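Asks: Model the structure of this input:
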Amino acid sequence: MSGSSVVDGPSGGGDGGVVRDEDGLLAFWQAAQSHLGLGRLAVVVGDKSDDVVTPPAWSFGVTQAEADAEAEAVLAGRKTATSGPRAAFGDDLPEVGDVGIVLDGSRQPRALVRVTAVEVVDAHDVPAAHAGAELGTRADDAAVERWRSLNAGMTGEVVGDVVLERFELVYPTDGPAPAVD
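Replies: Numbering: from 1, shown residues only. Coordinates of the predicted model:
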């Protein structure tokens, strides 16, 4: 995993776009890493940005507006989960403790999140609690139905196994992400 790759979800499969230093990813990571108990990694890995490996970065949603709304939902604590088809992960399932950077619609870093739970279930067995956490809504049958409609493929239904990820907001812990230089 390269420090400069950007993917469309916490588990990969993105557009392969490159995040440049001017995009603020490295500065965001330097500001956020102490919230993981890492201190300043420059002491260990060097001061040059080429020496720093950032966590994977992605945006939720398809459009810029969706990515902005989803990033705000993460920052507000409403969105605490995501999911994807099991087949999209290959042999590289997420693990508890994995971290990643959520980008907004302008591809700016907004939040550092850490995976707290991973589960693989049949698409028909996605629990209301997960659907609600992913959508930032109440955990009820309506959330499950909305989750299914949003995740329906070409067949119009969700089929097969899905990977359910729960995550926590690590940084920033209060308010919007601070500006980074």
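Asks: going forward, measure contacts and count neighbours with C-alpha atoms only.
Replies: Noted.
Asks: For the closest residue to residue 171 other than its chain neighbours, which residues are in contact?
Replies: Leaving aside its chain neighbours, residue 171 sits nearest to residue 112 (5.0 Å; criterion: Cα to Cα, 6 or more residues apart in numbering). When contacts are counted by Cα atoms under 8 Å, 6 or more residues apart in numbering, residue 112 touches 32, 99, 100, 101, 102, 169, 170, 171, 172.
Asks: Of the residues you listed, which is the most crowded?
Replies: Neighbour counts for these (other Cα atoms under 10 Å) peak at residue 102, which has 30 neighbours.
Asks: Can you give the distance from the one helix or strand that residue maps to to the centre of its chain?
Replies: Using DSSP states H and E, residue 102 maps to strand 99-103. Here strand 99-103 shows a centroid-to-chain-centroid distance of 5 Å under the convention Cα atoms, centre = their mean, to the nearest Å.
Asks: cool, stretch 166-175 as well?
Replies: That offset, for stretch 166-175, works out to 11 Å (Cα atoms, centre = their mean).
Asks: just to revisit the earlier point, got TSV for the contacts of residue 112, with distance to residue 141 and pLDDT too?
Replies: Listed next are the contacts of residue 112 as TSV, based on distance: Cα to Cα, whole Å; pLDDT from 0 to 100:
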residue	distance to residue 141	pLDDT
32	36	84
99	30	94
100	30	95
101	30	95
102	28	96
169	26	95
170	29	93
171	31	92
172	32	84
